[in-house]
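[1] Sequence and predicted model, in that order:
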Amino acid sequence: MAYKEIFWMACDSTEQLRAEYGPFHTRIEAEAEAKKMGFGFLLRYEHMIGDNDDIQEVRCIFIELPDVPQRASQPARKLHTRCASCGESAVHEEGWQAEVWADIHEFEHTRHRVRLFEQNRADGLKEIAGWRDACA
Ligand SMILES: [Zn+2]
């Protein structure tokens, strides 16, 4: 009697030249491994095995994982400082770097006021109001 054999692979894309890792017997194992490696997809293989143990049909289905860990090279959050008075701006990774930049700028240019924006993938650019007052 014909039967179906199923196994799972973790893969980094749906392209022809993708990296695949596996096989795993369960989706849970494949998903755990994909997360560890920062892979965004699972590939589910179905082999239809015939009476003579020969593979009659191969089916594969890509499944996109909902929450792929961020790669180290793409920080999720960036801080933008921009002077409201003269328009000079800079990008920072850390909050303290933005503060130092603003301190120097406001020291060198009397009465200039630096604004802070936070950029993340979900909301785009968003101003953080009153940030200078909070740390004064
Ligand atoms: Zn300025």
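    Good, I have the coordinates. Bear in mind the structure is a predicted one, so any value in this text is a computation, not a measurement.
[2] Domain map for the protein?
    3-64, 77-134 (automatic domain parsing).
[3] got the residues of this structure near the ion?
    If contact is defined as C-beta under 5 Å from the ion, the residues of the chain in contact with the ion are 83, 85-86, 109, 112. (Each C-beta comes from the backbone N, C-alpha and C, glycine too.)
[4] Excluding covalently adjacent residues, which one is nearest to Y3?
    Using C-beta to C-beta, 6 or more residues apart in numbering and skipping the chain neighbours, the partner closest in space to Y3 is I49 (5.4 Å).
[5] Tell me the spacing between that neighbour and the ion.
    Distance of I49 to the ion, computed by C-beta to the ion, to the nearest Å: 71 Å.
[6] Could you do T81 as well?
    Plainly put, T81 is 10 Å away from the ion if you go by C-beta to the ion.
[7] just the strands in the protein please.
    All strands of the chain, identified by DSSP state E, fall at 3-11, 20-24, 41-49, 55-64, 77-83, 89-92, 114-120, 124-128.
[8] Format these as JSON lines; extra columns: mean neighbour count.
    Supplementary listing: the strands of the chain in JSON lines, determined by neighbours: other C-beta atoms under 10 Å:
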{"stretch": "strand 3-11", "mean neighbour count": "17"}
{"stretch": "strand 20-24", "mean neighbour count": "16"}
{"stretch": "strand 41-49", "mean neighbour count": "17"}
{"stretch": "strand 55-64", "mean neighbour count": "11"}
{"stretch": "strand 77-83", "mean neighbour count": "17"}
{"stretch": "strand 89-92", "mean neighbour count": "15"}
{"stretch": "strand 114-120", "mean neighbour count": "18"}
{"stretch": "strand 124-128", "mean neighbour count": "12"}
